[in-house]
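> mind folding the following:
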Amino acid sequence: MHGPSPASPGRSARVQRARVLSFFFFGGSAIGLLAVAVLPLPAGTNTAGTLVTLGLSLALGTVLLIRPHRIPDWALNLALAAGTAVISFDVYFAGDVQTNIEMFYLWVAFYAFYFLSLRLALVQLGVLAAGYGVALVARGEADAVTRWTITIGTLALAGILIARLVGQIQAWATHSAQREEQLRQAEERFRSAFDDAAIGMALTDLDGRWMRVNRALADLMGYPAQDLVGKASVEFTHAEDLEADLEAHKKLVTGALSQYQTETRYVHADGHTVWIGLSASLVRDRKGQPVHLIAQMQDISERKAAEQELTARALQDPLTSLPNRLLFIDRAQVALARMERPHSSLAVFFLDVDRFKLVNDSLGHAAGDRLLVEVAERLRTLLRPSDTVSRFGGDEFTILCEGTDEEAASGVAARIAERLSEPFDLDEREVFLNASIGIVVSRNPDDDPEDLLRDADAAMYRAKQQGRSRFALFEGAMRIRSAERLTLENDLRRALEKGELRLDYQPEIELDSGRIYAVEALVRWDHPRHGTMPPNSFIPIAEDSGLIIPLGDWVLREACRQAAAWLADRDGEPSLRLSVNVSPRQLADDRLTEVVREALDRSSIPPSMLRLEITESAAVDGISTLTQLKELGVGLAIDDFGVGFSSLNHIRRLPPVDTLKIDKSFVDHLGRRPSDTAVVAAIVGMARSLSIATVAEGIETAEQVRKLRELGCDRGQGYHFARPAPASAVSQLLLSASLGELISG
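Okay, the predicted model is just below:
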């Protein structure tokens, strides 16, 4: 079963028109009947005709009132025309009336111009004019033309005004309907955007209480939405952010701010903190008065966590979790700013772990990293909570101690040295370390942290020069030495261009025959102000500055050139070997193999004549490069053998080595210190079992020669045989081919 369909808009308008027209008919009839029944009738009134006319009007009104929904539009138009006829009949039957019945024509005109289209209204006005004219002519009115003209003209003017009024009313009604629809749609959009927004939203009254919240905000806070309504936002604000949020709310309500954006913290229903990106704005009414606030809230906890992690990475060392250089300098600046009391001071320590590279080389970088973590932990537990210890880089650490003078700083350094000297346990292996520490004490709040670090570094460098594993307080002279070091570095950069570098050569002797087996190239610097400088006075500077690369290239080419000259003097007999030292930095250079190949090609000496000397620790990091050099046919020698870690293990890992050079520190006490004699004997025995030649460095006495021969050492080198000398002097030695008298001693 289906109920009646709702009336269409056109049908409702037609019913309304029918009822209005029926009211016009009833109203006119009621007025006419009242006049006939109560008022004196004018002379000449046809009472019967008037009553018939009124009855016709009542009948038409009744039909229109009883069945309005069944009357079609065309019937309404005819009914309106009939009404015009009724009025015209009444005009005809009326007597000599002073009050114009024509006033009822105004009802017809109003109805026509209000309810009908302009075209139909004009047609009805024409019908009215015709009916009125017929009535006037039929009565024989003397002033018929005047009355018709005035009446029809008035009705036409009234119709135009009515039509204009109707148009304005319709336009207003249309505009109002459209505006209402727009408001409805806008409200619907707002409601949809508010309720379904992916971010939290709230309408807040001027006291800061939530009047309405959406589902996203309820989920963000962990409460049902109904539990949040009526609550003040400050009830959920983190205590540390409460003051700032209250101040911002006050500024919004008072109009000092029209919008407020911030990052704040709310407390979730389960108690954890949620970072919120908050944007709040003030809503005013048409008079500009504050009504409420609308707030948008987004969970930014993940972004804040990422930012905090990035900040930690930017300010912390990832390996040890200590502050890094940037954070250390910032804390030093704060500490300097706090030095307002008289006689206050602070100390900056620069600590370098001695021989840490040997740990990396022998045990691997993973073990080295664990060792640095252990060092950091010992430093952290040794110092006060107010002190700052940072990892400056590599195996360097810096420490900041406020309220510390020279005496107290020396005590701190002594405790650090003692604590670090205790063994470290790495993979069930004990490792012993020491540190060189530089200290600078400041009493001037205007000091620059970078300058303090520079001075502490200079003091640390001085401690290393004094024998490592100690500490040194900064003195003004250290800054002068640092400046001199910088000047020396600049001079070294120009030394190659100016031809200030030269090579001396020191023979290497076969201990059995006394024959000169090889010569070692040693660089010297003829400085214009300082005179001849030995390698240990400028090679460390070259290493630190990177100048060792071009310097080493020059040494290699020059030594090979000289070897070619000696080879020619010996009629091409390549029995003489040439030793050239290669620094760790050169070995790490990808160009080294090509540089060696180029030097051999330029000099035309056989590759077997060249022997490259490298330190044990550097060899481990350069295995791939050493393999390439070995493929060229050059010899390899391990220099200063015995002072590194796990030396036997290293030899096994390296490409085939031709020579081990026993460090001078073991040769010095041969025959006097049993432990050194045992070490040399072990090295010689191990090398012989691996078919590797041995060379003892730093031989200065005949007794050392005798002992080395007894131990089976193959060759020797030192002042006992010959000091380093220019190539011309060495050429004279080569002519003798033997220093046998020094062997038999």
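
> what sits against E520?
Taking CB atoms under 8 Å, 6 or more residues apart in numbering, we find E520 in contact with Y505, Q506, E508, S579, V580, N581, E613, Q717. Bear in mind the C-beta positions are built from the backbone N, C-alpha and C, glycine included.

> pull the most distant pair out of the residues you listed.
Pairwise distances across the contacts of E520 (CB to CB) peak at 14.3 Å, for the pair V580 and Q717.

> rewinding a little: can you redo the contacts of E520 as TSV with pLDDT, distance to A696 and secondary structure?
Below are the contacts of E520 laid out as TSV (pLDDT from 0 to 100; distance: CB to CB, whole Å; DSSP: H, G, I helix; E, B strand; the rest coil):
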residue	pLDDT	distance to A696	secondary structure
Y505	94	18	strand
Q506	93	13	strand
E508	93	10	strand
S579	94	14	strand
V580	94	19	strand
N581	91	17	strand
E613	91	14	strand
Q717	94	7	coil
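
> list just the nearest of those residues to Q259.
The closest of the contacts of E520, once distances to Q259 are taken by CB to CB, is N581, at 71.3 Å.

> tell me which residues touch the closest one, please.
Residues near N581 by CB under 8 Å, 6+ apart: E520, A521, L522, V555, L612, E613, I614, D639.

> if we use 6 Å, what do you get?
For N581, the contacting residues are E613, by CB atoms under 6 Å, 6 or more residues apart in numbering.

> identify the bridge partners of it.
E613 (DSSP bridges).

> where's H527 relative to A295, distance?
Distance, H527 to A295, using CB to CB, to the nearest Å: 75 Å.

> more neighbours, these two?
Counted by other CB atoms under 10 Å, H527 and A295 do not tie: A295 has more neighbours, with 23 against 17.

> secondary structure class for that one?
Taking DSSP: H, G, I helix; E, B strand; the rest coil as the rule, one finds A295 in the strand state.

> could you list the low-pLDDT ranges of the stretch 451-600 of the chain?
Counting by pLDDT under 70, the stretch 451-600 of the chain shows low-confidence ranges at 467-468, 476-485, 570-574.

> show me where it has its helices.
With helices called from DSSP state H, counting those that start in this stretch, the stretch 451-600 of the chain shows them at 476-498, 539-545, 548-569, 584-587, 592-603.

> now the shortest one, how far from the centre of its chain.
Right, helix 584-587. 37 Å (CA atoms, centre = their mean, to the nearest Å).

> which strands and helices sit next to it?
Applying 3 or more CB pairs under 6 Å, 6 or more residues apart in numbering; DSSP states H and E, one finds that helix 584-587 contacts no other helix or strand.

> using PDB, write out every CA atom in that helix.
Presented in PDB, the C-alpha positions along helix 584-587 are these (Å, rounded to 0.1, in the frame of the first residue of the first chain):
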ATOM      1  CA  PRO A 584     101.000   5.600   6.400                       C
ATOM      2  CA  ARG A 585      99.400   8.500   4.600                       C
ATOM      3  CA  GLN A 586     101.200   7.600   1.300                       C
ATOM      4  CA  LEU A 587     100.100   4.000   1.700                       C
END
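
> low pLDDT regions in the stretch 151-300 of the chain?
Checking the stretch 151-300 of the chain against pLDDT under 70 turns up 193.

> what comes up buried for stretch 553-565?
Applying a neighbour-count criterion of 16 or more other CB atoms under 10 Å, the buried positions in stretch 553-565 are D553, V555, L556, R557, E558, A559, C560, Q562, A563, A564.

> farthest-apart pair in those residues, please.
Farthest pair in the buried residues of stretch 553-565 (CB to CB) is D553 and A564. Separation: 16.9 Å.

> which among the contacts of E520 gets closest to W107?
Using CB to CB, those come closest to W107 at N581, 127.0 Å.

> against A347, how distant is that closest one?
For N581, the distance to A347 - CB to CB - is 40 Å.

> next: G230.
59 Å.

> likewise for P535?
Taking CB to CB, one finds P535 at 36 Å from A347.

> got TSV for the contacts of E520, with distance to I152 too?
Formatted as TSV, those follow (distance: CB to CB, whole Å):
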residue	distance to I152
Y505	140
Q506	141
E508	143
S579	136
V580	131
N581	130
E613	132
Q717	143
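
> okay, the nearest residue in space to A163 that is not next to it in sequence: pLDDT?
Closest residue to A163 in three dimensions, ignoring its sequence neighbours and counting by CB to CB, 6 or more residues apart in numbering: F113, at 4.6 Å. Listed pLDDT for F113 reads 72.

> which element is F113 on?
Taking DSSP states H and E as the definition, one finds F113 inside helix 103-115.

> so, low pLDDT: which residues of the stretch 601-745 of the chain?
Ranges of the stretch 601-745 of the chain meeting pLDDT under 70: 617-622, 642-654, 736-745.

> from the buried residues of stretch 553-565, which single one is nearest E422?
The closest of the buried residues of stretch 553-565, once distances to E422 are taken by CB to CB, is V555, at 42.2 Å.

> mind listing what that closest one touches?
Going by CB under 6 Å, 6+ apart, the list of residues near V555 reads V523.

> how much space between it and W566?
On the measure of CB to CB, V555 and W566 end up 16 Å apart.

> run the angle between the longest helix seen in the chain and helix 103-115 for me.
In the chain, assigned by DSSP state H, the helix with the most residues is helix 144-196. Angle between the axes of helix 144-196 and helix 103-115 is 30 degrees (criterion: axes from the mean of the first three to the mean of the last three CA atoms, to 10 degrees).

> so which elements touch helix 144-196?
helix 103-115, helix 118-139.

> then the longest one to PDB, C-alphas only?
Coordinates of the C-alpha atoms in helix 118-139 are reproduced here as PDB (Å, rounded to 0.1, in the frame of the first residue of the first chain):
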ATOM      1  CA  LEU A 118       2.600  39.700 -16.900                       C
ATOM      2  CA  ARG A 119       1.100  38.600 -20.300                       C
ATOM      3  CA  LEU A 120      -2.000  37.000 -18.700                       C
ATOM      4  CA  ALA A 121      -2.300  39.900 -16.300                       C
ATOM      5  CA  LEU A 122      -2.500  42.300 -19.300                       C
ATOM      6  CA  VAL A 123      -5.100  40.000 -20.900                       C
ATOM      7  CA  GLN A 124      -7.200  40.100 -17.700                       C
ATOM      8  CA  LEU A 125      -6.800  43.900 -17.600                       C
ATOM      9  CA  GLY A 126      -8.100  44.000 -21.200                       C
ATOM     10  CA  VAL A 127     -11.100  41.800 -20.300                       C
ATOM     11  CA  LEU A 128     -11.700  44.100 -17.400                       C
ATOM     12  CA  ALA A 129     -11.600  47.200 -19.500                       C
ATOM     13  CA  ALA A 130     -14.000  45.700 -22.000                       C
ATOM     14  CA  GLY A 131     -16.500  44.600 -19.400                       C
ATOM     15  CA  TYR A 132     -16.400  47.900 -17.600                       C
ATOM     16  CA  GLY A 133     -16.900  49.800 -20.900                       C
ATOM     17  CA  VAL A 134     -19.900  47.600 -21.800                       C
ATOM     18  CA  ALA A 135     -21.400  48.300 -18.400                       C
ATOM     19  CA  LEU A 136     -21.000  52.000 -18.700                       C
ATOM     20  CA  VAL A 137     -22.400  52.200 -22.200                       C
ATOM     21  CA  ALA A 138     -25.400  50.000 -21.300                       C
ATOM     22  CA  ARG A 139     -26.200  52.400 -18.400                       C
END
